[in-house]
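Predicted model follows, preceded by the sequence.
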Amino acid sequence: MNRRELLKWMAITGGAAAAPSWVWASGGTLPNGRRLVTIFLRGAADGLTVCAPLGSPHYFDARPTLAVPETDALDLDGYFAMHPAASGLKALFDSGDLAIVHASGLTTAQRSHFAAQSAMEQGIDSVDLPPGTGWMSRYLESLHLDSPLAAVSLDTAVPQAMAGTDSVLAVGAIDQFSLQLDDQAQWALARAYSRDPLLDPTAHAALTAADALEPVADLSPGENYPAGPLGTALADTARLIRADSGLVAAGLNSGGWDHHDDQSDRIEPLLGELGDALTAFRNDLGAEWANTTVVIQTEFGRRVRENAALGTDHGHGGVLLVAGGGVNGGRVYADWPGLAPGDLSAGEDLAVTTDYRQVLTEMFTLQFGVADSSGIFEGFSPGPWMGIFSPSAPSAQAMSDRSLHSNHAAAPGGASSQTPSRKKVRYGDAIEIPRLPRGQGILRAG
């Protein structure tokens, strides 16, 4: 009798008391009806290449070699365009499944990879005192999750955004994790640490995870994922979802985005991989895409002006992408500061006009039913919603336990989160415009 047959027998014969808790916790209804997937682009992706402001003459002045050519660019709204290698992202944008938030990031400039990533993953500004826990972990702690596969890092280590809770499992690649923990290895691990009060819980957690991953590993990966770590990680994330494992949050990484030289040649395959992997992920999930939100971040943007090595150096303002069901995609959201010399941060960078926490707070409120986000982003006061997300109807369980620290139901600014709002979008002179229906872009001018 194998493990799965044993567990089925226990369920039939009343052996529930002896079964691991994940058997009964996995699957079923998500705590708030939705799941979150984050992808961090390590190294600082160049937002002015991912989403190029072709409507600005200053863009071409600053980048005589690296500017995305107008003849090859994938037009988004008449002002912004994508790099031609990002056809997968463009297809998601056109279908309304992807939104772009430009001139976003840390409010206070921080050009150190380590410090910027640390601040962003802890959910703070770069000048704030570090809380020592990640913004995702603070959200997860409020859910009181039981399944060992509820929160997973598809990497060999837990990202800092998920640090501070013991409910996150770092699995790396699912097939490799399963092979490294075969029956003999599990038996040896359990026996070696059974009498050690410090190591036995860790060994037990590893064994429980190996059991829980077995039905996931039995599923074949989906189709059309690109070769490489990101494609594998998203394919494994989809397997966890399709296996009804109880996955609530997944953390993924994509490396290699630090391009101080030869940026054109080096960024092209990364953009292609990102777009193709995300498109395959959407197609693989099918109907479950509607219950999934994907956030793609990077620590900061690049300098506006190209350098002598045909690359870009560390800058400030960057780009943030969100995808999934309930995202009002097909739009570039930007309080665009402009690229004229007088508009630049420190005289050389794209300025940040949208704090990244503004986007995440709107997401948590409208998509995940968090009525008070102060427990996730302490000290941050969000502005009016930008219209990136549509309100999601939370489950009954979420309605009864959706606030981290209070029962306040008001959205920022005192307005109900269900009520459409208006947002100022600045291109030179500020203008007041209403939200547009899903799939319609904002015309950039100036």
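Here it is on my side, so go on.

Can you give me every residue that contacts the closest residue to residue 390 other than its chain neighbours?
Nearest residue to residue 390 in three dimensions, chain neighbours excluded: residue 326, at 4.9 Å (Cβ to Cβ, 6 or more residues apart in numbering). Backbone N, C-alpha and C define where each C-beta goes, glycine included. Contact analysis of residue 326 by Cβ atoms under 8 Å, 6 or more residues apart in numbering lists 34, 290, 293, 366, 367, 389, 390, 392.

make it 10 Å
34, 290-293, 363, 366-367, 388-392 (Cβ atoms under 10 Å, 6 or more residues apart in numbering).

from those residues, which two are the most distant?
291 and 388 (17.3 Å; Cβ to Cβ).

With neighbour numbers in mind, choose between the two.
residue 388 (23 against 18; other Cβ atoms under 10 Å).

Check the burial of residue 359 by counting its neighbours.
There are 24 residues near residue 359, going by other Cβ under 10 Å.

what's the helix or strand for it?
Here residue 359 sits within helix 356-368, counting by DSSP states H and E.

hey, where'd the helices end up in the stretch 51-200 of the chain?
57-62, 87-94, 113-122, 135-141, 174-180, 183-193, 200-217 (DSSP state H, counting those that start in this stretch).

pLDDT on the fifth one, on average?
Read that as helix 174-180. For helix 174-180, mean pLDDT rounds to 73.

Equivalent analysis for the shortest one, please.
Along helix 57-62, the predicted confidence averages to a pLDDT of 98.

neighbouring contacts of it?
So helix 57-62 is in contact with 48, 52-54, 56, 66-70, 303-306, 312, 338-341, 343-344, 348, going by Cβ under 10 Å, 6+ apart.

Quick check: buried residues in it?
For helix 57-62, burial by neighbour count (16 or more other Cβ atoms under 10 Å) applies to 58, 59, 60, 62.

What of the second one?
By neighbour count on 16+ other Cβ under 10 Å, the buried set for helix 87-94 is 87, 88, 89, 90, 91, 92, 93.

Quick one: distance of that helix to the chain centre.
Centre-to-centre, helix 87-94 and its host chain are 17 Å apart (Cα atoms, centre = their mean, to the nearest Å).

Which parts of the stretch 201-350 of the chain are helices?
229-242, 263-285.

most packed of the helices of the stretch 51-200 of the chain?
helix 135-141 (a mean of 24; mean count of other Cβ atoms under 10 Å).

Now do that one, average pLDDT.
Per-residue pLDDT over helix 135-141 has a mean of 96.

Then stretch 211-221?
Computed over stretch 211-221, the mean pLDDT rounds to 89.

where are the low-confidence patches of the stretch 301-446 of the chain?
Low-confidence segments of the stretch 301-446 of the chain, defined by pLDDT under 70: 393-446.

What are the boundaries of the strands in it?
Ranges of strands in the stretch 301-446 of the chain, per DSSP state E, counting those that start in this stretch, are 318-324, 332-333, 354-355, 422-427, 429-434.

Please name the residues that touch residue 264.
Contacts of residue 264 (Cβ under 10 Å, 6+ apart): 49, 65, 66, 67, 68, 83, 85, 306, 310, 311.

Filter those residues down to the buried ones, ChimeraX style.
Here is the ChimeraX selection string for the buried members of those, based on 16+ other Cβ under 10 Å:
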select :49,66,67,68,83,85,306,310,311
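
Serialize the contacts of residue 264 to JSON lines and add fields for distance to residue 354.
Shown next, in JSON lines, are the contacts of residue 264 (distance: Cβ to Cβ, whole Å):
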{"residue": "49", "distance to residue 354": "19"}
{"residue": "65", "distance to residue 354": "29"}
{"residue": "66", "distance to residue 354": "24"}
{"residue": "67", "distance to residue 354": "23"}
{"residue": "68", "distance to residue 354": "22"}
{"residue": "83", "distance to residue 354": "21"}
{"residue": "85", "distance to residue 354": "25"}
{"residue": "306", "distance to residue 354": "24"}
{"residue": "310", "distance to residue 354": "29"}
{"residue": "311", "distance to residue 354": "26"}
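
From the contacts of residue 264, pick the one nearest residue 216.
When the contacts of residue 264 are compared for distance to residue 216 (Cβ to Cβ), residue 85 wins out at 31.8 Å.

gap between the closest one and residue 119?
30 Å (Cβ to Cβ, to the nearest Å).

Buried by neighbour count, from the contacts of residue 326: which ones?
Neighbour-count burial (16+ other Cβ under 10 Å) is assigned, among those, to 34, 291, 292, 293, 363, 366, 367, 388, 389, 391, 392.

Beta-bridge partners for the third one, please?
Just to be clear, that refers to residue 292. Residue 292 forms beta bridges with residue 35, as assigned by DSSP bridges.

which residues touch it?
Residue 292 touches 30, 34-37, 237-238, 241, 247, 250, 281-282, 285, 323-327, counting by Cβ under 10 Å, 6+ apart.

swap the cut-off to 7 Å and go again
Listed by Cβ atoms under 7 Å, 6 or more residues apart in numbering, the contact set of residue 292 reads 35, 37, 285, 324, 325.

per-residue pLDDT, it?
On the pLDDT scale, residue 292 gets 97.

Can you tell me how far it is from residue 286?
Taking Cβ to Cβ, one finds residue 292 at 11 Å from residue 286.

How about the fourth one?
Distance of residue 293 to residue 286, given as Cβ to Cβ: 16 Å.

ditto for the fifth one
For residue 363, the distance to residue 286 (Cβ to Cβ) stands at 22 Å.

Check the average confidence over stretch 280-287, would you?
pLDDT averaged over stretch 280-287 gives 98.

In stretch 304-317, which residues are buried?
Buried, per 16+ other Cβ under 10 Å, within stretch 304-317: 304, 305, 306, 310, 311, 312, 313, 314, 315, 316, 317.

repeat for stretch 343-353
Buried, per 16+ other Cβ under 10 Å, within stretch 343-353: 343, 344, 345, 349, 350, 351, 352, 353.

I'd like those laid out as TSV, including distance to residue 232.
Below are these laid out as TSV (distance: Cβ to Cβ, whole Å):
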residue	distance to residue 232
343	41
344	39
345	37
349	34
350	32
351	36
352	32
353	36
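
Any idea how many residues pack against the nearest residue to residue 93 once chain neighbours are set aside?
Leaving out its chain neighbours, the residue that sits closest to residue 93 by Cβ to Cβ, 6+ apart is residue 330, at 5.8 Å. Applying other Cβ under 10 Å, we find 22 residues neighbouring residue 330.

Perfect, I'm done here.
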